[in-house]
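Asks: from the sequence below, what's the structure:
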Amino acid sequence: NVIAKTLEEEVMMGIKPREIALEEWFQRRSDDPDITATGKLQADAFAEIIADEIRSKGSIALACSPMLRSMKTVQPLAMALDEDVTVLPNVFEVAGCYRTQPDGVHVPGAALGAEDIRRLFPRYDVSRLPQTG
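Replies: Numbering: from 1, shown residues only. Predicted structure coming up:
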């Protein structure tokens, strides 16, 4: 994460105290971050490398979390294989999608809902996600 790396460097160089950097991190971070340029390159490269091997083995089921970068990470492979993707609500990264309130308490963050995912990723099956909210 670019923000975390920059802030950590500022702490290491004595520019900022750790507490201030941590507070700034929580203010600047995204609840549901997009895929980075490096992540996109890696996802594209992975799809290019592995797609033929997967096709030679038969069928595959693709699934991902409802986090934006997860859905964008699997997208090149899904497109290469011409496969749908199932979005599972119980698959997520450590800590998942959250935001920090002013009192420091972490609460569920803003993320794409089933309708938004359906619109952005038409071949993603969102039937296991809550359909409202």
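Asks: where's the residue nearest to the spatial centre of the chain, which helix or strand?
Replies: A centroid search over the chain (Cα atoms, centre = their mean) returns residue 69, at 2.7 Å, as the residue closest to the centre. Using DSSP states H and E, residue 69 maps to helix 68-81.
Asks: I'd like the distance between residue 69 and residue 116.
Replies: In this view, residue 69 and residue 116 are 15 Å apart by Cβ to Cβ, to the nearest Å. Using the backbone N, CA and C atoms, a C-beta is placed for each residue, glycine as well.
Asks: show me where this structure has its helices.
Replies: 2-12, 18-28, 37-57, 68-81, 114-120 (DSSP state H).
Asks: one step back: just checking, the residue nearest to the centre of the chain touches residue 33?
Replies: Yes - counting by Cβ atoms under 8 Å, residue 33 is a contact partner of residue 69 at 5.7 Å.
Asks: for residue 35, what are its contacts?
Replies: 43, 68-69, 72-73 (Cβ atoms under 8 Å, 6 or more residues apart in numbering).
Asks: could you dump these to TSV with distance to residue 21 and pLDDT?
Replies: Shown next, in TSV, are the contacts of residue 35 (distance: Cβ to Cβ, whole Å; pLDDT from 0 to 100):
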residue	distance to residue 21	pLDDT
43	30	97
68	25	93
69	23	91
72	28	97
73	28	97
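Asks: and the two most separated of these?
Replies: The distance between the two most remote of the contacts of residue 35 (Cβ to Cβ) is 12.7 Å, for 43 and 68.
Asks: what about the two, which has more around it?
Replies: residue 68 (21 against 18; other Cβ atoms under 10 Å).
Asks: now the more buried one: closest residue in space that isn't a chain neighbour?
Replies: Spatial nearest neighbour of residue 68, chain neighbours left out: residue 32 (5.0 Å); criterion: Cβ to Cβ, 6 or more residues apart in numbering.
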